[in-house]
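Undergrad: I'll drop the sequence and a predicted model, then ask my questions.
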4 protein chains.
Amino acid sequence: MCRWLVYSGSPLLLEEILYKPVHSLIDQSRHARLGVDTTNGDGFGVGWYGVGEVPGLFRAVGPAWSDRNLHELAAHVSSPLLLAHVRSSTGTAVQQTNCHPFRFGRWLWMHNGSIARFATLKRDLMLAVDAELFPAMEGSTDSELMFFLALTFGLRDDPPRAVARMVGLVEAVASRHQVAEPVQMTVATSDGSTVWAFRYSTRHESRSLFYSTEIRSLRLLHPEIPALRLISDESRMIVSEPLGDLPGAWNEVPESTCSVVAGGEDLIHAFHPEPPA
Amino acid sequence: MCRWLVYSGSPLLLEEILYKPVHSLIDQSRHARLGVDTTNGDGFGVGWYGVGEVPGLFRAVGPAWSDRNLHELAAHVSSPLLLAHVRSSTGTAVQQTNCHPFRFGRWLWMHNGSIARFATLKRDLMLAVDAELFPAMEGSTDSELMFFLALTFGLRDDPPRAVARMVGLVEAVASRHQVAEPVQMTVATSDGSTVWAFRYSTRHESRSLFYSTEIRSLRLLHPEIPALRLISDESRMIVSEPLGDLPGAWNEVPESTCSVVAGGEDLIHAFHPEPPA
Amino acid sequence: MCRWLVYSGSPLLLEEILYKPVHSLIDQSRHARLGVDTTNGDGFGVGWYGVGEVPGLFRAVGPAWSDRNLHELAAHVSSPLLLAHVRSSTGTAVQQTNCHPFRFGRWLWMHNGSIARFATLKRDLMLAVDAELFPAMEGSTDSELMFFLALTFGLRDDPPRAVARMVGLVEAVASRHQVAEPVQMTVATSDGSTVWAFRYSTRHESRSLFYSTEIRSLRLLHPEIPALRLISDESRMIVSEPLGDLPGAWNEVPESTCSVVAGGEDLIHAFHPEPPA
Amino acid sequence: MCRWLVYSGSPLLLEEILYKPVHSLIDQSRHARLGVDTTNGDGFGVGWYGVGEVPGLFRAVGPAWSDRNLHELAAHVSSPLLLAHVRSSTGTAVQQTNCHPFRFGRWLWMHNGSIARFATLKRDLMLAVDAELFPAMEGSTDSELMFFLALTFGLRDDPPRAVARMVGLVEAVASRHQVAEPVQMTVATSDGSTVWAFRYSTRHESRSLFYSTEIRSLRLLHPEIPALRLISDESRMIVSEPLGDLPGAWNEVPESTCSVVAGGEDLIHAFHPEPPA
């Protein structure tokens, strides 16, 4: 079990998003409420779009709650698009290359959940990764492998379909190995312009996921909060669990969906795995 | 808040004590039940008496629950006397020199609790440390400073009195600075032969502490557990919280006491701070 | 022995300064040429002025040459004023709180060298630190203690005099303890506007230190290097060892001096310790 | 480039082997003499046979020279058979799962050298690993993959032939990808009773490797050294570079050989890769 968040909107110091909310992601690293476990202390990561061709990536193996460098970075770096993750290992090694988000070129990817009996399925799944992409895998997690399968299936061209094909493959390989209900996932991925977020599990009981209410609506709902007037209209967050208790601020993402956030617009589509031909 | 345990008895592999109990110290690093916080993920340490003049010491800054080297060590090293600690920082840096137990010559020391408003009192307390001992302090915690004050006050000759003088000094310095209820502690210390455990706080509401029932009595109480026939009579444990739910196995250490364990005997004395002359 | 650099000038991505030069500081962490030792692998740090009241600070205990987060940060953060350091411990613990630069408010401080027989002198020197400042010391190095002594003696008002008083005190305390030639230092400190760099040792054989030639002069010297036309006139560097072999680019800082760099001007003054009254 | 050693003989405290020699492996982590690089600071590991079914394994990502836990372990654990390694990464991540020795059941394996253009060859080589063994690979190095290929080819039954087939496969796959001179290796492996050490490279210019002279002969050569009377006759070491300058103590292992050490006997055989059928 892990916790993650995506922020897209007007450029903000990372600490505004990562540290300042009452039930921030940093707080969730120690006191998660909706997760399988309360502690997400097996490493963390943040990827942000800014200067340069590729997004910045800061990942470390200790708990986020005590990492001073993360706090320094968050107090000095701004970004209009940010993915952050606190990890609770489901068995794979606690090491930097297993920390989310994963990066390939301009793409970032992070995941909460797991592939059931991953050790049994791992070899067959790795063989399906494109030979060109293969050497870029550095870690040992199911999450990174899902990313490289999605890249193999065209993530850079058609993200929803690539993820559908990736899940379809995992379910097909699992079926061949008599592994039931193999996929449990909330996933976020981005190319720096658009964010795609998926909520899906084979048995349709997926990990929690929430999206923030449109800022315009929130302002009407809460005229008593002046800060809402300062946030730009197109700002959006998608989070494993709400960052606070503001009534009306958070909405559950429906089961088996793909959410697309870009340019202040967000759409939620149904998500169905696509089995291999 | 932290959690600790002491084991004294027939030599055992460390993993028998640290990993195998249902609610082991390693489990407590992630899911403490009686502490201020459930997570003790800010480093850990184990000190054990074995070959060599000084006890072995293994301390690291990550969470105990995911440390593979600790598990390896525990599976390959035996000891008749062991102190182990999982840390939850009350603000000082997460670094090896702040992990318990602390060592000086043959002596080990570990602590759960804190000195209130330590930043205010620290300088005056450091000045009270013997000049010869001063350079051996390496970390920045109240706990290590309490150890070096106790050493200054004769820990190696008369441990209960040295700890009483240390607490007396802290309370006197606190009073001078208008700091109320300064001391909160459970402390264990050993020279490799005897273990002394203290439970004390200025307001007499100290952190939890338990000692194990005599093995002979436990055998009578639980004839259905064959394992109890294998543990030697003199084996004893003192722990921040019970390692399991066996009825009759654990007894609360009374408030304001010093427990002394040596050679299969254990005695509990009243503990009173001794103010500076 | 350590290696450090200061950059002051037009805002640059940190990687331009830290990674791109042929014999960059990162290269010096593994292959120093002029130091006591070739390896500076006991941690590193970088402090930079940017957004926010206080400078950013990134410090870690592993070698700089393999730290991915440092490289990421350097590729995404720009600054007009930067202090960076790679450490070779002279005995004190390898921990984040012992990594340079040290920070207090807007001030940064870093040091190469040592106080001879520091363990012997440490207590007396700590007692001289202002009681208000005392709790802010977190590590165990001579370098951090020199910073807090300088702060005690007025670093924020008159840096050259405060450092002169600090050195004077160390030499006086050393003399009292029969410690010969106690001070060996190159030090850089800044408040975000001005940089002060000191080269001094009691026996006047100080660690190496170099300053960069004025950009205007370098352009005349090397019309064949177009890049020099892009660097602003006021850019300056002070470094433990030259970052490359460009003839005429680097000048040795004289013994027993204080260099002051601000607003494109730099001045070198004689430096004399000021003994305690 | 890395440095390693194997010790087999009368049980000794690890520190006698790892720390006490003049040019010990710990010294080589910082000041190697015969290697491609002087610094081997990208992690380290030690595996030792003792109590329990599987050997103990202690691996960490920092430099060996400053690791306090390694020193503590070495001062408290004895073993009759020990493999130790200090790493200099050739590009793969600095993480615990990439530190040598690698372990599978009772087997340990460590390597100095590399597979040329490993990224290009990795996928084909991974596909050749037995599906049962596949999930046990945790890291990303060529070294670990060589181990699992050797296991696939029967390391547990016939080590010299399994390693010959592994090298033969690497050379065949490299040839298919137009990669010249792919293998550079000194390898040590053990099952706890016997040690096999290989020195081989495709172009027959392998990394340095030495074995210690028989203790009986050394005693005759150096009657002036009383310590030699205390070491048991069957003690042997194989090392990347000599641990000191004692004349007559160290002999170069010939090119393209497999050395077998067991029960005080050692034999050196020619080693030839076995191409795939």
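TA: Sure thing, it's come through.
Undergrad: now for the helix or strand harbouring A:Phe58, which elements pack on it?
TA: Element membership for A:Phe58 (DSSP states H and E) is strand A:56-60. Packing partners of strand A:56-60 (3 or more CB pairs under 8 Å, 6 or more residues apart in numbering or on different chains; DSSP states H and E): strand A:44-48, helix A:68-76, helix C:68-76. To be clear about C-beta, it is placed using only N, CA and C from the backbone, and glycine gets the same treatment.
Undergrad: and the contacts of the last one?
TA: Outside helix C:68-76, the residues within contact range by CB atoms under 8 Å, 6 or more residues apart in numbering or on different chains are A:48, A:50-52, A:56-60, A:69, A:73, A:77, A:96, C:13-15, C:18-19, C:44, C:46, C:58, C:60, C:64.
Undergrad: what residue of chain A is the furthest out?
TA: A:Glu224 (31.7 Å; CA atoms, centre = their mean).
Undergrad: list phi and psi for A:Arg156.
TA: phi -70, psi -20 (degrees, to the nearest 10).
Undergrad: on the pLDDT front, check it for me.
TA: A:Arg156 carries a pLDDT value of 98.
Undergrad: ok, now A:Met1?
TA: The model's pLDDT for A:Met1 equals 66.
Undergrad: for chain A, longest helix please?
TA: Ranked by residue count and defined by DSSP state H, the top helix of chain A is helix A:159-176.
Undergrad: just give me how far it sits from the chain centre.
TA: 18 Å (CA atoms, centre = their mean, to the nearest Å).
Undergrad: partner strands of the helix or strand following it and their direction?
TA: Tracing the chain past helix A:159-176, the next element assigned as helix or strand by DSSP H and E is strand A:183-190. Take DSSP bridges as the rule and strand A:183-190 pairs in its sheet with strand A:107-115 (antiparallel), strand A:195-201 (antiparallel).
Undergrad: before we move on, back to that, PyMOL command to pick out the buried ones of the contacts of helix C:68-76?
TA: Here is the PyMOL command that selects only those of these that count as buried (16 or more other CB atoms under 10 Å in any protein chain shown):
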select buried, (chain A and resi 48+50+56+57+58+59+60+69+73+77+96) or (chain C and resi 13+14+15+18+19+44+46+58+60+64)
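Undergrad: re earlier: pull up the pairing partners for the strand holding A:Phe58, direction included.
TA: Paired strands of strand A:56-60, with direction, are strand A:44-48 (antiparallel) (DSSP bridges).
Undergrad: just the C-alpha atoms of the partner strand, please, in PDB.
TA: Taking C-alpha atoms only, strand A:44-48 is exported to PDB below (Å, rounded to 0.1, in the frame of the first residue of the first chain):
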ATOM      1  CA  PHE A  44       9.300   8.300  -1.200                       C
ATOM      2  CA  GLY A  45       9.600  10.300  -4.300                       C
ATOM      3  CA  VAL A  46       8.600  13.500  -6.100                       C
ATOM      4  CA  GLY A  47       8.800  14.300  -9.700                       C
ATOM      5  CA  TRP A  48       8.100  17.800 -11.000                       C
END
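Undergrad: who does A:Asp266 form a beta bridge with?
TA: Bridge pairing for A:Asp266 - DSSP bridges - gives A:Val261.
Undergrad: need the longest strand for chain A.
TA: strand A:3-13 (DSSP state E).
Undergrad: need the next SSE after that strand, C-terminal direction.
TA: Using DSSP H and E, the helix or strand that follows strand A:3-13 in sequence is helix A:14-18.
Undergrad: show me which residues of chain A sit near chain B.
TA: A:30, A:38-39, A:41-42, A:61-63, A:66, A:89, A:94 (CB under 8 Å from any CB of the partner chain).
Undergrad: and the least confident of these?
TA: Ranking the residues of chain A next to chain B by pLDDT, A:Thr38 lands last with 84.
Undergrad: quick one: it and B:Trp65, what's the gap?
TA: 13 Å (CB to CB, to the nearest Å).
Undergrad: the two: which is more packed in?
TA: Comparing A:Thr38 with B:Trp65 by other CB atoms under 10 Å in any protein chain shown, the one with more neighbours is B:Trp65, at 23 against 19.
Undergrad: so the more buried one belongs to a helix, correct?
TA: Yes: checked against DSSP: H, G, I helix; E, B strand; the rest coil, B:Trp65 lies within a helix.
Undergrad: okay but it is in contact with B:Ala32, surely?
TA: No: with contact defined as CB atoms under 8 Å, B:Trp65 does not count as touching B:Ala32 (11.6 Å).
Undergrad: which one is A:Val179 nearest to, not counting chain neighbours?
TA: The shortest distance from A:Val179 to any non-neighbouring residue, by CB to CB, 6 or more residues apart in numbering or on different chains, is to A:Arg117 (4.7 Å).
Undergrad: run a quick neighbour tally on A:Ser175.
TA: Residues lying near A:Ser175 (other CB under 10 Å) number 12.
Undergrad: returning to that earlier point: can you tell me how far the residue farthest from the centre of chain A is from chain D?
TA: 49 Å (CB to the nearest CB, to the nearest Å).
Undergrad: check for me that that residue belongs to a strand.
TA: No: under three-state DSSP, A:Glu224 sits outside any strand and is assigned coil.
Undergrad: need the pLDDT of it.
TA: For A:Glu224, pLDDT reads 82.
Undergrad: phi first, then psi, for it.
TA: phi -80, psi -10.
Undergrad: now the one 5 residues further on
TA: Note on A:Arg229: its backbone torsions stand at phi -70, psi -20 [degrees, to the nearest 10].
Undergrad: from what I see, it and A:Arg219 are in contact.
TA: Yes: contact criterion CB under 8 Å: A:Arg229 and A:Arg219 qualify, at 6.6 Å.
Undergrad: more neighbours: the two, which one.
TA: The neighbour count for A:Arg229 versus A:Arg219, taken as other CB under 10 Å, is higher for A:Arg219 (16 against 9).
Undergrad: the more buried one in helix, strand or coil?
TA: Assignment for A:Arg219 (three-state DSSP): helix.
Undergrad: gap between it and B:Val239?
TA: Distance of A:Arg219 to B:Val239, given as CB to CB: 54 Å.
Undergrad: closest residue of the stretch 151-277 of chain A to chain C?
TA: A:Gly192 (13.3 Å; CB to the nearest CB).
Undergrad: next, count neighbours for the closest residue to that residue other than its chain neighbours.
TA: Setting aside the residues directly before and after it, A:Gly192 is nearest to A:Tyr49 in space (CB to CB, 6+ apart), at 4.5 Å. Neighbour count for A:Tyr49, taken as other CB under 10 Å: 22.
Undergrad: give me the pLDDT value at A:Tyr49.
TA: pLDDT, A:Tyr49: 97.
Undergrad: same question for A:Val22.
TA: At A:Val22, pLDDT is 85.
Undergrad: and if you look at A:Gly263?
TA: 79.
Undergrad: ok, A:Val261 - contacts?
TA: Taking CB under 8 Å, 6+ apart, we find A:Val261 in contact with A:6, A:8, A:194-197, A:236, A:238.
Undergrad: just among these, which is most surrounded?
TA: Going by other CB under 10 Å, A:Val6 tops these with 27 neighbours.
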